[in-house]
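Novice: make a model of this:
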Amino acid sequence: MKKTIIAVVGGKKSGKTTAVETLTKEITRRGYIVATVKHIPEPNFTVDTEGKDTWRFAQAGAKTIVAVSADEIAAIEKTDTRNLSLKEILRKCKGNDLILVEGFRKAVGKNRDIYKIVVVKSAEEAKEALKSFSPILAFTGSFSAANLNLGAPYFDSLKNINKMADIVEKIMKKRSS
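Specialist: Next comes the predicted model:
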């Protein structure tokens, strides 16, 4: 199956993480392998924990630190990511049927190879999304865009995740044929 990439985009505190979480749960329940990529724009953010062994290895100068436990493996790469393209980031997601990308608004905006699920909190946000994103697969969020005739369906990611997953699965099957 060819990899399908879907970006979940929207404003801060709009429900992007919830949409990614519920969609991941449903798509994996259906037997697919899912990768998620989260854009974290906060400066100086690190997934590492100060004082832990992996942090100490990085402080000593290691550029790649791999941590292995009984149930997971994590690789931390200390590198300047400002000039890293989304394509380069997505190469890290090997062996997955679906990649759900949270954020990266500018990188995914009009990229026709990446479908978008837009999370909105108002009619204005929904209408603005039509100018910024293409193709839009669906709308979700606290504001129901169902009656706005935006050319893409609205689904409540907490109540109608099956219907949203049906659309995602249809796209995945179409891309693999």
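Novice: please put the alpha-carbon coordinates of the host helix or strand of Ile6 into PDB.
Specialist: Assigned by DSSP states H and E, Ile6 falls within strand 4-10. What follows is strand 4-10, C-alpha atoms only, in PDB (Å, rounded to 0.1, in the frame of the first residue of the first chain):
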ATOM      1  CA  THR A   4      -1.100   8.300   2.500                       C
ATOM      2  CA  ILE A   5      -0.300  11.600   4.300                       C
ATOM      3  CA  ILE A   6      -3.000  13.700   5.900                       C
ATOM      4  CA  ALA A   7      -2.300  16.900   7.800                       C
ATOM      5  CA  VAL A   8      -4.500  18.000  10.600                       C
ATOM      6  CA  VAL A   9      -4.400  21.800  10.700                       C
ATOM      7  CA  GLY A  10      -6.100  24.500  12.800                       C
END
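Novice: strand partners (parallel or antiparallel) of it?
Specialist: When sheet partners are counted by DSSP bridges, strand 4-10 sits next to strand 98-102 (parallel), strand 115-119 (parallel).
Novice: what's that strand in contact with?
Specialist: 16, 19-20, 23, 90, 97-105, 108, 113-121, 125, 129, 133, 137, 141, 168, 171-172, 175 (Cβ atoms under 8 Å, 6 or more residues apart in numbering). Where C-beta positions appear, they are placed from N, C-alpha and C, glycine not excepted.
Novice: the residue most central in space within the chain and Ser142: what is the separation?
Specialist: For the chain, Val101 is the residue whose C-alpha lies nearest the centre (Cα atoms, centre = their mean; 1.9 Å). Relative to Ser142, Val101 is positioned 21 Å away (criterion: Cβ to Cβ, to the nearest Å).
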